[in-house]
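>>> need coordinates for the below:
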Amino acid sequence: MYRLKPTLYGLKQAPRAWYSRIDSYITENGFHISESEPNLYTKVDEKVKMLIVFLYVDDLIFTGDFGIENFKAVMESEFEMTYLGVYEFFSGH
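Numbering: from 1, shown residues only. The predicted structure is shown next:
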C-alpha cells in the first residue's frame, strides 16, 4: 500500500483534479477500469496473470501475481508517494 501525497491539497477542486490525474495515468498504462467500481483497476498479461489496483481516498492499494515491483517503481517515479508496506486491514477489519 502507498500513501499518496498529492500537491493539489488545499484547492477547492482538489479531489476531482487528483482523481482525474491518477485515473488518466493508470489507464494510459494499460489498466482497465471496472464497470461496477470506478476506483478499481485491473491489468491482465498474456499469461492471464492479474495486477489489481484500488484507489481509496488518498491511498493506492495493489495486489497481483505479476509486475508488482515494476508497478511500484513506475508509480514512485511519477508520483510522490510513501510506501507503507503490506496492508494488514481494510475498513476496520
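
>>> can you give me the helices in this protein?
With DSSP state H, the ranges of helices along the chain come out as 14-28, 68-78.

>>> Leu40: which of those is closest?
Of all the helices of the chain, helix 14-28 sits nearest to Leu40, with 10.6 Å by C-beta to C-beta. To be clear about C-beta, it is placed using only N, CA and C from the backbone, and glycine gets the same treatment.

>>> show me what counts as buried in that closest one.
Within helix 14-28, the residues that count as buried by 16 or more other C-beta atoms under 10 Å are 18, 22-23, 26.

>>> same list, those, but as CSV with distance to Gly85 and pLDDT please.
Formatted as CSV, the buried residues of helix 14-28 follow (distance: C-beta to C-beta, whole Å; pLDDT from 0 to 100):
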residue, distance to Gly85, pLDDT
Trp18, 23, 75
Ile22, 21, 86
Asp23, 25, 88
Ile26, 21, 90
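
>>> per-residue pLDDT, His93?
In this prediction, His93 carries a pLDDT score of 49.

>>> let me fix that: Phe66
86.

>>> how close does the nearest residue to it once chain neighbours are set aside sit to Arg21?
Closest residue in space to Phe66, ignoring its immediate chain neighbours: Lys49 at 4.0 Å, by C-beta to C-beta, 6 or more residues apart in numbering. Separation of Lys49 from Arg21 (C-beta to C-beta, to the nearest Å): 27 Å.

>>> would you list every one of the strands in this structure?
In the chain, the strands defined using DSSP state E lie at 2-4, 32-33, 40-44, 50-56, 59-64, 81-83.

>>> to Lys72, which of the ones you listed lies closest?
Nearest to Lys72 among the strands of the chain is strand 81-83 (7.0 Å), distances taken as C-beta to C-beta.
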